[in-house]
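>>> Generate coordinates for the sequence data below:
(one chain, ligands or ions: 2)
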Amino acid sequence: EQPGEEQKHMQTTLVIIKPNGVQGGIIGEIIARYEKARLSIAALRIRNITREEADGFYAEHRGKGFFTELVDFMTSGPVVLLALRGEKAVEAVRQMNGATNPKNAQPGTIRFDFAPSMGENVVHSSDSPESAAREVAYWFKDSELVNYPAASHLL
Ligand code: IDP
Ligand code: MG
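Ligands and ions are numbered 1, 2, ... in the order given. Take a look at the predicted model:
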């Protein structure tokens, strides 16, 4: 459990806007979708990640055929690291992002709308509360997470 999650079902999940999302100019479009879903931004940073960081982050996929391609892609340009907090945020964000392969993604999901391929599927999100805890802590210190009520009155 992350700081600020004393309320039941409050979760913090990790999103990465992948290099093609950044270079495609859709950082704002993607973040706007999460804000409209009443998720708050617990942490936010844009930077390049190293091969070592990508390797450790995707450790569960080491040895798979696509692993080198995945690390190459994730280090090909800047990414946005984003911790999102809200009611059942882990599943909510997975739903909004859509299926791993954009060919299987539902209309209205980020991957359906923007992803050109499975390898370059625009966004990452944590797949369980346990993964979310590991992944948020992988990129952010507790002291870097903020807590505020999600938007309602200006949207
Ligand atoms: P997820 O991102 O939807 O959780 P994972 O199975 O965890 O999907 O795979 C991590 C990432 O690795 C995917 O987002 C995708 O970019 C890439 N990937 C997964 N399977 C393949 C594949 O079969 N070919 C190419 N890339 C893949
Ligand atoms: Mg995954």
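>>> Show the contacting residues for residue 23.
Taking Cβ atoms under 8 Å, 6 or more residues apart in numbering, we find residue 23 in contact with residue 77. For the C-beta atoms, the positions are set from N, CA and C on the backbone; glycine is no exception.
>>> For it, grab phi and psi.
Backbone torsions of residue 23, given as degrees, to the nearest 10, read phi -70, psi -20.
>>> distance of it from residue 84?
According to Cβ to Cβ, to the nearest Å, residue 23 and residue 84 sit 22 Å apart.
>>> Kindly report the same for residue 42.
Taken as Cβ to Cβ, the span from residue 42 to residue 84 is 7 Å.
>>> anything in contact with each of the two?
Shared contacts of residue 42 and residue 84 (Cβ under 8 Å, 6+ apart): residue 12.
>>> Between these two, tell me which one has more neighbours.
Higher neighbour count among residue 42 and residue 84: residue 84, with 29 against 25, using other Cβ atoms under 10 Å.
>>> I'd guessed that one sits against residue 10; true?
No - taking contacts as Cβ atoms under 8 Å, residue 84 lies outside contact range of residue 10: 11.4 Å.
>>> Can you report how many residues neighbour the closest residue to residue 155 other than its chain neighbours?
Closest residue to residue 155 apart from its sequence neighbours, by Cβ to Cβ, 6 or more residues apart in numbering: residue 36 at 6.3 Å. Residue 36 is flanked by 12 other residues according to other Cβ under 10 Å.
>>> In this structure residue 36 contacts residue 150, no?
No - applying Cβ under 8 Å, one finds residue 36 not in contact with residue 150, separated by 9.9 Å.
>>> can you list the residues of the protein near ligand 1?
61, 66, 70, 100, 118, 119, 121, 124, 127 (Cβ under 6 Å from any ligand atom).
>>> Tell me the spatial nearest neighbour of the third one, not counting adjacent residues.
Going back to what we said before, that points to residue 70. Nearest non-adjacent residue to residue 70 (Cβ to Cβ, 6+ apart): residue 58, at 6.0 Å.
>>> What of the second one?
In space, not counting the residues next to it along the chain, residue 66 is nearest to residue 119; the distance is 6.7 Å by Cβ to Cβ, 6+ apart.
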